[in-house]
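**Student:** predicted coordinates and the sequence they were generated for:
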Amino acid sequence: MITRRHLLETAGAGAALAISGLKFSAAEAAGVRLTPGVPEGVASIATMGTLPGKKPLIQLADRPPNYEAPLEYLRTPITPNDQFFVRYHLADIPNVDAKTYKIAVGGDGANGKAELTLDDLKKLPAVEVVAVNQCSGNRRGLSRPHVAGVEWGYGAMGCARWKGAKLKDVLDKVGLKKEAIEIFFGGADGPVVNKTPDFVKSIPVWKAIDESTIVAYEMNGQPLPHWNGFPARIVVPGWTGTYWMKHVTTIDALTKPLVDFWMNPAYRIPVGKFPVRDRFLSQENATTTPITEMVVNSLITSHRDGDKIKTGKVTVSGQAWDGGYGIRSVDVSLDGGKTWAAAKLGVDLGRFAFRPWSFELSAKRGKNTVMVNATNRLGQTQVSELIFNGAGYHNNVMQNITLTAG
């Protein structure tokens, strides 16, 4: 969203550049290093913004707040809370009081109703899962041709250690009827005007009662940050972040598919276009299906495209991840994909987590190209050409950067 404040900020930066005679974008003037390939217009609005409790993030919009993590924040398999990206659909975001916070549980697919406080939630058996939270539109800004939506680069994602109660245990408080097919989520954030649809989501019952799906109240050993869902949020490991409802206040069992803008037409992909195994069949139609699991992907985080390096041994490293099947291998090519060599895999924090990798190359004077490709345990790999879709989802094109040694 381009706001008046953004225009004033970028106008001021542009004026300073004009006086100096240098030809840089306003984003570059503000110290923003955008992902190469995002639309040129992004540079006119992007700035390094700081939210309370956060280190500077790439601010792409402020109402609602959408802040991307710079590439450097993704160098570790666990993303610190203050470096984690921020994504909202609606601009009315209350500061929830943990003392009065409650989750209403019920719905026509439940045998009863219940209200759970934060203390009630913490009395249930606690579980912990390390999982990547990735916006469905991560890398949307790299689509060709460009598509509408937040023009994310690489950083609309992060990996954290989430702790909370199993959603299954929460649902056991009311009991599910055999007719229940979906579980509905609503949060405390809302629209500024009545014409904007409230952000609500649902997931199939089979995913809701999976052992890894939780109602989280801790992130990396600390209470959830306000901007990441305090005091509790839904965590659906392996699936894109659209289902990870922040500030969750309502959990309902449904006997009919949820009919809502945020389920259809939003967050849909063409049927059969992507190698996705987990499908949301109660929401599927003849042509589209809801986005669900993340596709296998990888990212170089140690270097940026165009970086200068020294000749000789250079270690290139990054992260790989998928929808929860686990990373089997990461391979690196230095000749545009003609030949490949295996990278070294780092610590395994679980099948839903970032899997760090590293590769040592012998840099020769001049330009050195580095291409990376991850493979998961199903044998799925990244693609060499974008599988285009109008929403800009599932961009897992193999990354290719050039490093100049001198």
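**Tutor:** Great, that's in hand.

**Student:** output the below-cut-off pLDDT ranges for this protein.
**Tutor:** Counting by pLDDT under 70, the chain shows low-confidence ranges at 1-30.

**Student:** where do the helices sit along it?
**Tutor:** Assigned by DSSP state H, the helices in the chain fall at 4-20, 26-29, 118-123, 167-172, 205-208.

**Student:** tell me what the third one is packed against?
**Tutor:** Going back to what we said before, that points to helix 118-123. strand 157-166, strand 214-219 (3 or more Cβ pairs under 8 Å, 6 or more residues apart in numbering; DSSP states H and E). All C-beta atoms are positioned from the backbone trio N, CA, C, and that covers glycine.

**Student:** quick one, domains of this structure?
**Tutor:** The chain breaks down into these domains under automatic domain parsing: 4-62, 102-290, 297-405.

**Student:** hang on, the earlier thing: and the helices and strands packed on helix 118-123 as JSON lines, adding distance to residue 364 and mean neighbour count?
**Tutor:** Putting these into JSON lines (distance: least, Cβ to Cβ, whole Å; neighbours: other Cβ atoms under 10 Å) gives the following:
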{"stretch": "strand 157-166", "distance to residue 364": "33", "mean neighbour count": "23"}
{"stretch": "strand 214-219", "distance to residue 364": "43", "mean neighbour count": "24"}
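
**Student:** turn the ones you listed into TSV, including distance to residue 271.
**Tutor:** Listed next are the helices and strands packed on helix 118-123 as TSV, based on distance: least, Cβ to Cβ, whole Å:
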stretch	distance to residue 271
strand 157-166	25
strand 214-219	29
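
**Student:** residue 372 is nearest to which of those?
**Tutor:** Residue 372 sits nearest to strand 157-166 of all the helices and strands packed on helix 118-123, at 16.2 Å, using Cβ to Cβ.

**Student:** chain center to the closest one: distance?
**Tutor:** Strand 157-166 sits 13 Å away from the centroid of its parent chain (Cα atoms, centre = their mean, to the nearest Å).

**Student:** partners of that strand in the sheet?
**Tutor:** In the sheet, strand 157-166 lines up against strand 126-134 (antiparallel), strand 214-219 (antiparallel) (DSSP bridges).

**Student:** okay if I get those strands as TSV plus distance to residue 113?
**Tutor:** Compiled in TSV, these are given as follows (distance: least, Cβ to Cβ, whole Å):
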stretch	distance to residue 113
strand 126-134	24
strand 214-219	17
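
**Student:** which among these is found nearest to residue 293?
**Tutor:** Closest among these, once you apply Cβ to Cβ, is strand 126-134, at 10.6 Å.

**Student:** how about the strands paired with strand 157-166, which one is nearest residue 262?
**Tutor:** For the strands paired with strand 157-166, proximity to residue 262 was assessed by Cβ to Cβ; strand 126-134 is nearest, at 17.4 Å.

**Student:** now what about the closest one, what contacts it?
**Tutor:** 78, 84, 156-166, 211-212, 214, 235, 237-238, 240-241, 244, 294, 321, 349-350, 352-354 (Cβ atoms under 8 Å, 6 or more residues apart in numbering).

**Student:** my read: residue 329 touches residue 341, true?
**Tutor:** No: the criterion here is Cβ atoms under 8 Å, and residue 329 misses it with residue 341 at 10.8 Å.

**Student:** between the two, which is the more surrounded one?
**Tutor:** residue 329 (17 against 11; other Cβ atoms under 10 Å).

**Student:** list the contacts of that one.
**Tutor:** Residue 329 sits in contact with 342-343, 345, 374-375, where contact means Cβ under 8 Å, 6+ apart.

**Student:** could you tell me how far it is located from residue 142?
**Tutor:** Per Cβ to Cβ, to the nearest Å, residue 329 is found 24 Å from residue 142.

**Student:** wait, what's in contact with residue 358?
**Tutor:** For residue 358, the contact set (Cβ under 8 Å, 6+ apart) comprises 302, 315-317, 343-344, 346.

**Student:** mind redoing it with 6 Å?
**Tutor:** Counting by Cβ atoms under 6 Å, 6 or more residues apart in numbering, residue 358 makes contact with 315, 317, 344.
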